[in-house]
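**Student:** No sequence on hand, only this structure:
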């Protein structure tokens, strides 16, 4: 059973940066694809990025490409989402999710989810 805990959210002004962390326990990251998702009030959940079990391959939504970077440190069982140039439309609850697979970098569905961390971008 994989357990994921997000942290690092907060309130920032447009143009600023945040780094989200996803701490994973219960198994090793070596065998999991991890995705970062977000959901704004009244909107559907959106996948922003994902990373393969090896950490070599990544994928980004067009809305965040060039501004967000996903990375992982397998021996620390942590996945990061560096968010630069934040915009008000980036506001939402951010979730990390895992899927036990060696394919990737993304999965069609994810079996394990964290509780989320709030990101608010406002002046």
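**Tutor:** Everything's here; your move. Keep in mind that this is a model prediction, so the values were computed, not measured. Numbers count the residues shown, from 1 in each chain.
**Student:** which residues of this structure fall in strands?
**Tutor:** 3-7, 10-12, 18-25, 32-39, 46-51, 58-60, 68-73, 78-83, 92-100, 112-113, 117-121 (DSSP state E).
**Student:** Mind listing the strands the longest one pairs with, and their directions?
**Tutor:** Read it as strand 92-100. strand 32-39 (antiparallel), strand 112-113 (antiparallel), strand 117-121 (antiparallel) (DSSP bridges).
**Student:** from those strands, which stretch is densest packed?
**Tutor:** Of all these, strand 32-39 has the most neighbours on average by mean count of other C-beta atoms under 10 Å, namely a mean of 24. The way it works is simple: take the backbone N, C-alpha and C, and place the C-beta from them, glycine included.
**Student:** what about the nearest residue to residue 77 once chain neighbours are set aside, how many neighbours?
**Tutor:** Using C-beta to C-beta, 6 or more residues apart in numbering and skipping the chain neighbours, the partner closest in space to residue 77 is residue 24 (4.5 Å). Residue 24 has 23 neighbouring residues, counting by other C-beta atoms under 10 Å.
**Student:** Mind pulling up the pLDDT for residue 24?
**Tutor:** In this model, residue 24 is scored at 95, pLDDT.
**Student:** Repeat that for residue 121.
**Tutor:** Residue 121 carries a pLDDT value of 98.
**Student:** Please apply the same query to residue 30.
**Tutor:** Reading off the confidence values, residue 30 has pLDDT 88.
**Student:** does it really touch residue 74, like I thought?
**Tutor:** Yes - judged on C-beta atoms under 8 Å, residue 30 makes contact with residue 74 at a distance of 5.4 Å.
**Student:** That's all I had, so thanks and see you.
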